[in-house]
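>>> sequence and predicted structure, then a few things I'm wondering about:
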Amino acid sequence: SAASRTETVEDHHQDSGHGFALRERLDAREQRGLRRELTPTERVAARSRVAADPSGDPPEFEGDEQVILASNNYLGLADDERVQRAAANAARKVGTGAGASRLVTGDTPIHRALERDIAATKETERALVFSSGYAANVGTIAALAPDVIFSDELNHASIVDGCRLARAETVIYDHADANALAAAMAERDEQAEEDESWLVVTDSVFSMDGDVAPLAAVCDAAERHGAWVMVDEAHATGLYADGAGIVGREGLGDRVQVQMGTLSKALASQGGYVAGSEALIEHLANAARSFVFSTGLAPPAAGAAREALAIAREDERRERLWTVVERLRDGLDGMGYRVLGETQILPVVVGDRGEAVALGEELAERGIVAPAIRPPTVPEGTSRIRVAPMATHTDAEIERCLTAFRAAGHAAGVLDE
Ligand code: PMP
């Protein structure tokens with residue numbers, strides 16, 4: 001019967017022979033305060049506000065709503081009718097799934113059109129889309145197969161995993177410190193072989209600190225050694241320089257050989273991309289295992305991303321996002337919160353993980369969804385609330401957030417009286 005079958009599976013999990021003691025591993029995680037729960041929330045990432053009771057009717061008045069302040073859907077485009085229609089049209093015309101790897105029969109006109117649009121935005125020869133940003137990073141770094149990788153200490157986990165998969169010697173340099181990078185490169189050069197390939201890789205906007213890598217100085221250091229530079233623009237795509245990211249804003253397109261990003265944040269969809277030279281893209285289409293051995297990006301995701309990119313490139317949404325960001329930053333600063341960063345990500349550093357969790361809970365009680373970010377996601381002693389506003393937040397919602405932050409800060413003992 002089903003019941004005895006379940007028992008057998010459970011027994012097997014407890015088995016310490018050659019099995020996996022998963023219950024014990026979960027308990028250990030729990031004891032260290034590191035156990036996470038999946039918490040289903042109604043359309044949180046898509047909307048800047050949701051009904052307080054997800055099972056109830058859509059919110060009709062302010063007191064009935066929760067404000068979502070923790071989504072990467074920065075421009076609010078996941079909830080935009082034009083983007084939703086583009087996804088539906090792609091599903092109708094091309095199918096809900098690509099059906100096969102791009103190299104077999106899964107290469108469709110919508111993929112090519114999206115790649116042309118990304119390349120045009122980035123001003124590169126070509127672009128290639130992957131089924132996620134994670135897949136783009138691991139596949140690209142491993143396919144480049146560098147001998148030595150220089151990687152910022154706060155780079156995203158998918159870059160870290162790409163370095164591991166490449167089995168490259170990886171030199172971690174101090175966060176956003178181009179002098180440390182230059183010194184590490186100079187030191188490593190003393191023992192370098194003639195034909196080694198070197199890759200410097202960094203996020204442009206760092207997701208938990210909301211700061212920006214010193215890209216021009218990173219390029220300077222790389223060029224002294226003839227190394228290539230790869231930049232992860234996950235949190236910058238669609239937001240800076242008409243959608244061209246920080247590389248575009250700083251005019252570094254010719255000095256960054258690999259521009260990577262995701263379709264899953266400001267572009268409100270799912271998938272990742274790499275933009276660069278013809279040779280780079282042809283190489284990745286042949287050698288990036290996460291591209292070759294994975295089904296092509298789902299057509300609705302490609303359709304949505306294409307429409308979102310077109311909308312993101314118009315000024316209006318982005319300007320609204322910066323207005324919202326400035327208002328929140330000024331308000332939180334003024335209350336005495338420590339707000340890091342210089343981008344649309346506003347990390348409010350609390351320090352102690354218990355206090356950060358308490359602040360998150362006090363905010364939740366006031367209808368603000370902005371949970372605490374704790375170790376291991378951020379270093380011990382730097383627990384924080386990662387405030388991520390959207391262009392679709394109204395002035396009234398921003399005021400509501402600030403009022404809640406003031407009251408919650410006092411209630412949680414985070415703000416001085
Ligand atoms: N790089 C960075 C910097 C990211 O923040 C993320 C997403 N958290 C990724 C890559 C992975 O992108 P995706 O979610 O599309 O897999």
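It's in.
>>> sec struct for residue 275, please.
At residue 275 the chain is in strand, as set by DSSP: H, G, I helix; E, B strand; the rest coil.
>>> quick one: mean pLDDT for stretch 405-417?
What stretch 405-417 shows for mean pLDDT is 93.
>>> that one: which residues count as buried?
405, 406, 408, 409, 411, 412, 414, 415 (16 or more other C-beta atoms under 10 Å). Bear in mind the C-beta positions are built from the backbone N, C-alpha and C, glycine included.
>>> for the biggest helix by length in the chain, C-alpha coordinates in CSV please.
Among the segments of the chain that qualify as a helix by DSSP state H, the longest is helix 315-335. C-alpha atoms of helix 315-335 as CSV (Å, rounded to 0.1, in the frame of the first residue of the first chain):
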residue,chain,number,x,y,z
ASP,A,315,13.0,55.8,-20.8
GLU,A,316,9.8,56.1,-18.8
ARG,A,317,9.9,52.9,-16.7
ARG,A,318,13.5,53.3,-15.8
GLU,A,319,13.1,56.9,-14.8
ARG,A,320,10.2,55.9,-12.5
LEU,A,321,12.4,53.2,-10.9
TRP,A,322,15.2,55.7,-10.1
THR,A,323,12.6,58.1,-8.6
VAL,A,324,11.3,55.3,-6.3
VAL,A,325,14.8,54.2,-5.4
GLU,A,326,15.9,57.7,-4.4
ARG,A,327,12.8,58.3,-2.3
LEU,A,328,13.3,55.0,-0.4
ARG,A,329,17.1,55.5,0.0
ASP,A,330,16.7,59.1,1.3
GLY,A,331,13.8,58.0,3.7
LEU,A,332,15.7,55.0,5.1
ASP,A,333,18.9,57.0,5.5
GLY,A,334,17.1,59.7,7.3
MET,A,335,15.7,57.3,9.8
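>>> got the buried residues for that helix?
Neighbour-count burial for helix 315-335, counted by 16+ other C-beta under 10 Å, picks out 317, 318, 320, 321, 324, 325, 327, 328, 329, 331, 332, 335.
>>> relative to the ligand, how far out is the second one?
For residue 318, the distance to the ligand under the criterion C-beta to the nearest ligand atom, to the nearest Å works out to 19 Å.
>>> spit out the contact partners of that residue.
For residue 318, the contacting residues are 75, 239, 312, 391, by C-beta atoms under 8 Å, 6 or more residues apart in numbering.
>>> repeat that for 10 Å
74-75, 238-243, 266, 311-312, 344, 391 (C-beta atoms under 10 Å, 6 or more residues apart in numbering).
>>> so residue 294 sits against residue 106, correct?
Yes: counting by C-beta atoms under 10 Å, residue 294 does reach residue 106; the two are 9.5 Å apart.
>>> next, count neighbours for the spatially closest residue to residue 185 that is not a sequence neighbour.
Nearest residue to residue 185, sequence neighbours excluded (C-beta to C-beta, 6 or more residues apart in numbering): residue 225, at 5.3 Å. Look at residue 225: counted by other C-beta atoms under 10 Å, it has 17 neighbours.
>>> what residues does the stretch 1-150 of the chain have near the ligand?
Within the stretch 1-150 of the chain, the positions near the ligand by C-beta under 6 Å from any ligand atom are 132, 133, 134, 137.
>>> derive a ChimeraX selection command for the buried subset of the residues you listed.
A single ChimeraX command selects the buried members of these (16+ other C-beta under 10 Å):
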select :132,133,134,137
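>>> could I get the residues of the stretch 1-150 of the chain next to the ligand in a markdown table, plus columns for secondary structure and pLDDT?
Shown next, in a markdown table, are those (DSSP: H, G, I helix; E, B strand; the rest coil; pLDDT from 0 to 100):
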| residue | secondary structure | pLDDT |
| --- | --- | --- |
| 132 | coil | 98 |
| 133 | helix | 98 |
| 134 | helix | 98 |
| 137 | helix | 98 |
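>>> considering the residues of the stretch 1-150 of the chain next to the ligand, which is situated nearest to the ligand?
In terms of C-beta to the nearest ligand atom, no member of these lies closer to the ligand than residue 133, at 2.3 Å.
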